[in-house]
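K.L.:
fold the stuff below for me.
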Amino acid sequence: MFFQKQGKAQLHYGSSDFTILEGGSYVTCAVTGEKIPLEELRYWNDERQEAYKDAGAALKGFQRAGVA
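P.N.:
Below you'll find the model as predicted:
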């Protein structure tokens, strides 16, 4: 595993990447509440600073915000 520190990470989401503010091995999906291992994190919203487990969860996040 690339991210060795266990527990929840704190990230800052940019438009095309993220910065690790506090080390950890996962973040929580803003829609489902599921843990997302950092090495599997592919979807997030930089304006709302939210992570999503997959494209379906990202769509629901955008719909919830009234964007899609």
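
K.L.:
only C-alpha atoms for contact and neighbour calcs from this point on.
P.N.:
Noted.

K.L.:
can you pull up the most central residue in the protein?
P.N.:
Centroid-nearest residue in the chain, with CA atoms, centre = their mean: Ala51, separated by 2.2 Å.

K.L.:
excluding chain neighbours, what is closest to that one?
P.N.:
Trp44 (4.2 Å; CA to CA, 6 or more residues apart in numbering).

K.L.:
repeat that for Tyr52.
P.N.:
Cys29 (4.6 Å).

K.L.:
what sits against the one you found?
P.N.:
35-36, 50-53, 57 (CA atoms under 8 Å, 6 or more residues apart in numbering).

K.L.:
with Ile36 instead?
P.N.:
By CA under 8 Å, 6+ apart, the residues touching Ile36 are 26-29, 52-53.

K.L.:
just checking, the residue nearest to Ala51 touches Asp54?
P.N.:
No - in this structure, Trp44 is not within contact of Asp54 by CA atoms under 8 Å, at 9.1 Å.

K.L.:
neighbour count for those two, which is higher?
P.N.:
The residue with more neighbours, out of Trp44 and Asp54, is Trp44; 25 against 15, by other CA atoms under 10 Å.

K.L.:
so which strand or helix has that one?
P.N.:
strand 43-45 (DSSP states H and E).

K.L.:
name the next helix or strand downstream of that strand, please.
P.N.:
Next along the chain from strand 43-45, counting by DSSP H and E, comes strand 50-52.

K.L.:
which residue ranges form the strands in the chain?
P.N.:
Taking DSSP state E as the criterion, the chain contains strands spanning 10-13, 18-22, 26-28, 35-37, 43-45, 50-52.

K.L.:
counting by contacts, list what the strand holding Trp44 packs against.
P.N.:
strand 50-52, helix 55-64 (3 or more CA pairs under 8 Å, 6 or more residues apart in numbering; DSSP states H and E).

K.L.:
so what touches the last one?
P.N.:
Read that as helix 55-64. Against helix 55-64 from outside (CA under 8 Å, 6+ apart): 29-32, 43-44, 51-52, 68.
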